[in-house]
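A.B. asks: Quick one, fold the following:
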Amino acid sequence: MSPTTLPAAQDHGHVTFLGAGPGDPGLLTLRAVEALANADVLVGEPDVLDVVREHARPGAVLENTGADADAPQLTVVDGTSTTVAVPAERDAVHLVMAAVRSGRRVVRAVTGDPGLDSDAAREMLACAAEGVRFEVVPGIASAVGVPAYAGVPLRDAEGADVRFVDARTASARCWTELGASDGTVVVSTTLDGVAATAAELVSAGRKPDTPLTVTVAGTTTRQRSWTATLGTIAQVFKQGKVLPSADGGRAVIAVVGERAAGGDRRDQLSWFESKPLFGWKVLVPRTKEQAVSLSDQLRSYGAVPHEVPTIAVEPPRTPQQMERAVKGLVTGRYEWIAFTSVNAVKAVREKFEEYGLDARAFAGIKVAAVGEQTAKALIAFGVKPDLVPSGEQSAAGLLEDWPPYDPVFDPIDRVFLPRADIATETLVAGLIELGWEVDDVTAYRTVRASPPPAETREAIKGGGFDAVLFTSSSTVRNLVGIAGKPHNVTVIACIGPATAKTAEEHGLRVDVMAPEPSVTKLAAALAEFGAKRREAALAAGDPVTRPSERRPGARRRRATTS
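C.D. replies: Purely as a prediction, here's the structure:
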């Protein structure tokens with residue numbers, strides 16, 4: 001007898017109930033990322049979709065279960081045009097079942113862990129009732145992840161009991177049991193419900209001086225924590241002008257207990273909120289491809305990078321020169337090829353692909369890279385550079401290490417230099433002086449990018465950004481040209497003296513300069529500036545604020561001397 005099958009399941013798609021964690025996209029599991037990459041439809045609350053959409057494949061449909069009628073109910077990743085039958089009812093069960101009935105692979109994403117979400121359990125039963133195949137991908141529960149990011153260990157060496165409760169559904173009996181216990185209590189509540197939760201615990205028997213830590217927007221760069229006691233938390237909120245309504249009723253995590261919350265220990269263990277650029281909104285005015293690694297580094301310091309392209313890269317107007325040079329690489333015309341930017345690597349790589357070539361075409365040719373980022377782009381192409389400046393990462397630094405032409409050891413005296421149309425002549429002149437012949441070829445053109453959205457322009461001019469990183473003089477000129485001059489409260493960080501000079505010529509006050517002309521060093525220098533600023537505020541007994549939170553009445557101008 002042949003094995004039986006479930007006909008209904010064969011006709012239906014598949015559902016993955018996925019835990020998106022407390023809010024930090026970095027807390028998604030490897031299995032979650034894999035499921036997202038294969039999904040046709042993602043269903044979830046707006047905040048959850050923001051966490052998972054980065055890992056969705058192009059063309060995946062995002063269906064929003066939010067109650068906000070003004071919010072877009074249906075979007076498509078990367079703007080791919082897709083026709084989708086949207087059910088009249090917007091609750092998650094209808095969205096999931098409508099998509100899965102048409103044979104789609106559906107990811108139902110929830111905050112925290114699906115096993116702790118009652119709605120997810122109801123949707124799983126609906127799938128089971130119709131014979132729809134589903135799986136569960138656990139996530140980090142908010143009640144566990146948020147305290148870890150707030151520096152509040154839930155258990156110590158003495159092994160205190162830990163209880164988890166949702167204040168919005170807790171019964172009177174539950175409060176009575178919690179009041180009689182001296183263990184740690186992790187409460188899921190809302191900002192406007194914190195005071196009532198504290199009062200409920202005190203009424204049930206907890207001492208008013210029991211420590212309490214409240215964390216909002218946990219694990220995200222909007223995270224903020226308050227430490228008080230059950231008896232003082234209402235006053236702490238009042239003095240701090242904490243407005244519950246501003247949070248929109250979103251869940252917060254409160255940790256209550258003698259051992260686990262409050263005191264000097266949290267000051268020592270608060271690793272996340274004490275990052276040097278925590279919560280800083282940093283403007284990264286570079287091309288999108290160049291901004292990725294820099295943005296990742298800024299996130300590691302706690303910043304929120306905002307990438308604004310100031311330069312657009314376009315092919316040369318006349319491609320024949322580039323075509324001849326690439327053919328010359330294959331026929332042995334050159335001894336060296338020198339790359340002065342990531343864009344130059346990209347331009348040559350695209351031309352190689354056009355001709356069906358790969359990295360093997362560089363065999364027998366020496367390769368130079370102007371700096372670490374360009375070298376990484378070459379390595380990704382499959383080419384290990386023979387020469388990278390040992391000192392300054394610039395054309396001048398490259399010339400310092402470049403060997404002079406020697407007719408005995410160098411059978412060919414020609415260098416291929418693919419670069420931008422607006423590049424300086426420093427490298428060309430220096431190579432000629434060293435005895436080399438140079439084919440100076442325009443590999444790409446740099447043009448000013450289109451202006452950013454009006455909201456971004458207003459934030460730049462109005463002080464909405466805490467810092468801006470300038471990685472070249474052209475980024476200064478182009479940003480000011482397309483978006484206006486950054487507000488005087490914004491910290492200005494420049495990659496080197498030439499860029500700083502250009503910034504000053506545009507009336508900007510330079511606060512940070514990289515010790516070496518490297519984007520990595522520039523981001524590190526900004527982080528050091530932020531750390532010193534934080535330490536100074538704490539030493540003075542002042543609250544730690546971001547630059548954008550201080551708005552002096554008069555605009556500060558760059559000091560000038562006559």
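
A.B. asks: Quick one: the strands in the stretch 51-200 of the chain, in order.
C.D. replies: For the stretch 51-200 of the chain, the strands defined by DSSP state E, counting those that start in this stretch occupy 61-64, 74-76, 105-110, 133-137, 162-166, 184-190.

A.B. asks: What is the burial count for residue 499?
C.D. replies: Other residues near residue 499 number 25, with proximity taken as other CB atoms under 10 Å. Just so you know, the C-beta spots here come from the backbone N, C-alpha and C atoms, and that holds for glycine as well.

A.B. asks: distance of it from residue 526?
C.D. replies: With distances taken as CB to CB, to the nearest Å, residue 499 is found 14 Å from residue 526.

A.B. asks: among the strands of the stretch 51-200 of the chain, which is nearest residue 417?
C.D. replies: strand 74-76 (42.5 Å; CB to CB).

A.B. asks: avg pLDDT for the closest one?
C.D. replies: Throughout strand 74-76, pLDDT has a mean value of 56.

A.B. asks: and residue 336, what does it touch?
C.D. replies: By CB atoms under 8 Å, 6 or more residues apart in numbering, the contact list for residue 336 reads 365, 366, 367, 368, 414, 415, 416, 436.

A.B. asks: Mean pLDDT per helix and strand in this structure: which one sits at the bottom?
C.D. replies: For the chain, using mean pLDDT, DSSP states H and E, the weakest element among its helices and strands is helix 7-11, scoring a mean of 41.

A.B. asks: what angle separates the helix or strand following it from strand 133-137?
C.D. replies: Sequence-wise, the next helix or strand downstream of helix 7-11 (DSSP states H and E) is strand 14-19. Going by axes from the mean of the first three to the mean of the last three CA atoms, to 10 degrees, strand 14-19 is angled at 20 degrees with respect to strand 133-137.

A.B. asks: What are the contacting residues of strand 14-19?
C.D. replies: Here strand 14-19 makes contact (CB under 8 Å, 6+ apart) with 29, 32, 35-36, 39, 52, 96, 100, 105-110, 112-115, 120, 123-124, 127, 132-141.

A.B. asks: Adjacent strands (with direction) for that strand?
C.D. replies: Using DSSP bridges, the strands paired with strand 14-19 are strand 105-110 (parallel), strand 133-137 (parallel).

A.B. asks: That one: how far from the chain's middle?
C.D. replies: How far strand 14-19 lies from its chain's middle: 24 Å, per CA atoms, centre = their mean, to the nearest Å.

A.B. asks: Would you mark the buried spots in the next helix or strand after it?
C.D. replies: Note on strand 14-19: by DSSP H and E, the next helix or strand toward the C-terminus is helix 30-38. Buried residues in helix 30-38, defined by neighbour count with 16 or more other CB atoms under 10 Å: 32, 35, 36.

A.B. asks: contact partners of helix 30-38?
C.D. replies: Helix 30-38 has contacts (CB under 8 Å, 6+ apart) with 16, 18-20, 28, 42, 52, 55-57, 105, 107, 137, 139.

A.B. asks: distance of residue 494 from residue 470?
C.D. replies: As for residue 494, its distance to residue 470 is 5 Å (criterion: CB to CB).

A.B. asks: which neighbours do the two share?
C.D. replies: Contacts common to residue 494 and residue 470, judged by CB under 8 Å, 6+ apart, are 476, 503.

A.B. asks: could you pull out the helices for the stretch 51-200 of the chain?
C.D. replies: Secondary structure of the stretch 51-200 of the chain (DSSP state H, counting those that start in this stretch): helices at 92-101, 118-129, 142-150, 172-180, 194-204.

A.B. asks: Compare these and say which comes out lowest on pLDDT.
C.D. replies: Of all the helices of the stretch 51-200 of the chain, mean pLDDT reaches its minimum on helix 92-101 (a mean of 86).

A.B. asks: the longest helix in this protein is where?
C.D. replies: The longest helix of the chain (DSSP state H) is helix 519-539.

A.B. asks: Relative to the whole chain's centre, how far out is it?
C.D. replies: In terms of CA atoms, centre = their mean, the centre of helix 519-539 is found 19 Å from the chain centre.

A.B. asks: Sketch out the low-pLDDT regions of the stretch 151-300 of the chain for me.
C.D. replies: 157-159, 244-250, 259-264, 287-292 (pLDDT under 70).
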